[in-house]
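1. generate a structure from the sequence data that follows.
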Amino acid sequence: MRHRKVTKILDRKKAPRKAMLENLATSLILYEKIKTTEAKAKVMRPFVEKLITRGKVKTVNNKQRLARVLPDKKAVQKVLDVLGPRYKDRNGGYCRIIKMGVRQGDGAPMAQIELV
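-> Residues are numbered from 1 along each chain as shown. The predicted structure is shown next:
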C-alpha cells in the first residue's frame, strides 16, 4: 500500500525513473534549459536544486557525491566550477519552470525548466 508516500513515480519502476532523472538533470546542468513534460519538470526541480546546493562548497566529498548521481564528468565539473559560485549567495530556487502548452502528438502538458 502507498499510504502517505510522496514520491512521484511517473509510471516507471525505480531504476528507470532514477536513470531518467539523472539524465534529465545532466542535460539541465550542461545546457541550462531543457523542454520536457510538466510532471518530469516538477519532479526534477528539487533533485537538481539539491545537486547545486551541494556544489556550492567545493570539496572532494561533494565531488564524489555528485559523481554518484551525475553520469557525465563535465556536468560534475560545471556544478562545482560554474553553478556553485554563481548561486553562492542564493538560498535555493535555482530552477524556473515555464509552462509551454501541450505536445501535439499525445496532448501531454509541456514545460521548459531552466536555471535562473
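
2. what about A75, how many residues nearby?
-> Neighbour count for A75, taken as other C-beta atoms under 10 Å: 22. To be clear about C-beta, it is placed using only N, CA and C from the backbone, and glycine gets the same treatment.

3. what's the offset of the strand or helix carrying it from the middle of its chain?
-> Secondary structure assignment for A75, by DSSP states H and E: helix 73-78. Distance of helix 73-78 from its chain centroid, counting by C-alpha atoms, centre = their mean, to the nearest Å, is 14 Å.

4. same question for that helix, mean pLDDT?
-> The pLDDT scores in helix 73-78 average 97.

5. so what does it touch, helix or strand wise?
-> Helices and strands touching helix 73-78, by 3 or more C-beta pairs under 8 Å, 6 or more residues apart in numbering; DSSP states H and E, are helix 14-31, helix 60-69.

6. can you give me the pLDDT of V6?
-> Looking at V6, its pLDDT is 87.

7. for it, grab phi and psi.
-> phi -110, psi -10 (degrees, to the nearest 10).

8. which residues touch it?
-> With contacts defined as C-beta atoms under 8 Å, 6 or more residues apart in numbering, V6 has no neighbours.
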